[in-house]
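A.B. asks: sequence-free structure coming up:
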């Protein structure tokens, strides 16, 4: 049973690697798109994270100001 699971997982990993590295109709693979657009997406994610933290800080401060005992 363990060998069968190992074979199935290995086949799934091999198929996934093949799918991610296969060139599409535009001549690029998914990996190529990730390497090209990755830094831009990281910058967007950082900006979104900073905005979210600012909003949480404002809400926390408003809660603290309104609920003093």
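C.D. replies: The structure has been received and is ready for your questions. If you're wondering where the values come from, they're calculated on a predicted model, not measured in any experiment.
A.B. asks: C-alpha only now, for contacts and for neighbours.
C.D. replies: OK.
A.B. asks: helix/strand/coil for residue 24?
C.D. replies: coil (DSSP: H, G, I helix; E, B strand; the rest coil).
A.B. asks: Which pLDDT value goes with it?
C.D. replies: In this prediction, residue 24 carries a pLDDT score of 86.
A.B. asks: packing partners for the helix or strand hosting residue 42?
C.D. replies: Element membership of residue 42 [criterion: DSSP states H and E] is helix 30-66. When contacts are defined as 3 or more Cα pairs under 8 Å, 6 or more residues apart in numbering; DSSP states H and E, helix 30-66 sits against helix 2-21.
A.B. asks: Any chance you could list what contacts the helix it packs on?
C.D. replies: In this structure, residues lying in contact with helix 2-21 by Cα atoms under 8 Å, 6 or more residues apart in numbering are 29-31.
A.B. asks: Recalculate using a threshold of 10 Å.
C.D. replies: Surrounding helix 2-21, the residues in contact under the criterion Cα atoms under 10 Å, 6 or more residues apart in numbering are 22, 28-32.
A.B. asks: which of these are buried?
C.D. replies: Among these, those that count as buried by neighbour count (16 or more other Cα atoms under 10 Å) are residue 31.
A.B. asks: which residues touch residue 44?
C.D. replies: Here residue 44 is in contact with 38, 50 (Cα under 10 Å, 6+ apart).
A.B. asks: switch to numbering from 608
C.D. replies: That works, and once the first residue is 608, the last one we named lands at residue 651.
A.B. asks: mind checking how far the residue lying closest to residue 637 once chain neighbours are set aside is from residue 618?
C.D. replies: Distances taken as Cα to Cα, 6 or more residues apart in numbering place residue 627 nearest to residue 637, at 5.3 Å, with adjacent residues excluded. Counting by Cα to Cα, to the nearest Å, the separation of residue 627 from residue 618 is 14 Å.
A.B. asks: try residue 648
C.D. replies: Spatial separation of residue 648 from residue 618 under the definition Cα to Cα is 31 Å.
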